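> I would like to see how this sequence folds:
(2 chains)
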Amino acid sequence: MKINRDNKISDEIPASSMADIAFLLIIYFMVTTTFTATRGLDFGLPKEDDNPPEIEREDSVHIQVNPGGSILVDSKPMALDNLLEHLKGILKENPTKPVIIQTDPQAAYVDMVTVLDELRQSEEKIGMVIQNISIPTRREIESFWF
Amino acid sequence: MKLQQSQQFTPMIPTASMADIAFLLIIFFMVTITFEVDKTQVLLPKTHIRLEVPKKAAYVSVTEQNVIKVSDGEELSNQVPGVEDVLSFASTVVASDPSKPFVLKADSNVQYDHIDKVIDALKQAKVEVIYLLSEQETVPVN
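Next up is the predicted model:
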């Protein structure tokens, strides 16, 4: 009688489906990946000072941001595109003069950000860095100026 | 004379290295992935100036419906009832790390009144730097 000797056990690890599994994992990663915004405008807050310098309104440039995005610079209406040129003339004599952004409570957040973004572009637009940009809160304005 | 039989080629795409390539891609994804601590969906304002937000920065997000969420940069963001809670949260974070940067992730259309209160709370908590999260402003091509 002839004995059948075909029962050979393969010593290979089956890896034929490895690529399929790997590509499934890649597709999972690609589908679940979300692109997030990780950039923004920075502004430093003043450190606590026991004797803060008193700044009168006349010693600073005051930008009032109204609802809709219109602005008043020292109580005069101005287009946003003309803001930096206007400031260039003022800050040429005193570059450390504070530029204060005061936003109407009814205005949208984007209105304030647009003005701040314009001021931060001063170096490339007018070749001058505005050194002292301040965004006082309503509580600060009421406690310091009124 | 014995004629040599022509060699037969079986058409085949070599796929032996496919798994290696795929696993390299997976490793790339796993190494470069960053986990968001704040997944709040907001319409960010667009700006020209955009600086990279430091990693592990604390987050305060404000949605159009004035829902406020906070995260210390380590754990996922949680909703807080009001602005007063932003002050206590920020004070706790600053107490453990005085130079911790904060990110304000607010919807473009939120009334500034709410943002003013949030910024005031951060100022009172003696936060040193705030990043106003934004998207890239695109310049129209003429």
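> Quick one: mean pLDDT over stretch B:80-92.
Stretch B:80-92 comes out with an average pLDDT of 91.
> chain center to that stretch, what's the gap?
Stretch B:80-92 sits 21 Å away from the centroid of its parent chain (Cα atoms, centre = their mean, to the nearest Å).
> What residues of that stretch count as buried?
With burial defined by 16 or more other Cβ atoms under 10 Å in any protein chain shown, the residues of stretch B:80-92 counted as buried are B:Val80, B:Val83, B:Val86, B:Leu87, B:Phe89, B:Ala90. All C-beta spots, glycine's among them, are computed from the backbone N, C-alpha and C.
> can you tell me how far the most centrally placed residue in chain B sits from B:Leu25?
Nearest to the geometric centre of chain B sits B:Glu36, at 5.0 Å (Cα atoms, centre = their mean). Note on B:Glu36: its distance to B:Leu25, by Cβ to Cβ, to the nearest Å, is 22 Å.
> other SSEs contacting the helix or strand containing A:Leu24?
Applying DSSP states H and E as the criterion places A:Leu24 in helix A:18-32. Packing contacts for helix A:18-32, counted by 3 or more Cβ pairs under 8 Å, 6 or more residues apart in numbering or on different chains; DSSP states H and E, involve helix B:18-32.
> And the contacts of the helix or strand of chain B with the lowest mean pLDDT?
When each helix and strand of chain B is scored by mean pLDDT, DSSP states H and E, helix B:18-32 comes last, with a mean of 83. Residues from elsewhere that reach helix B:18-32 (Cβ atoms under 8 Å, 6 or more residues apart in numbering or on different chains): A:Ala15, A:Met18, A:Ala19, A:Ala22, A:Phe23, A:Leu25, A:Ile26, A:Phe29, A:Met30, A:Thr33.
> Return the residues in contact with the last one.
Residues near A:Thr33 by Cβ under 8 Å, 6+ apart: B:Phe29, B:Ile33.
> Please apply the same query to the fifth one.
Residues near A:Phe23 by Cβ under 8 Å, 6+ apart: B:Ala22.
> Which pLDDT does the model give it?
If you check A:Phe23, the pLDDT there is 84.
> how many other residues sit next to A:Ile130?
21 (other Cβ atoms under 10 Å in any protein chain shown).
> Which residue does chain A have closest to chain B?
A:Ala22 (3.2 Å; Cβ to the nearest Cβ).
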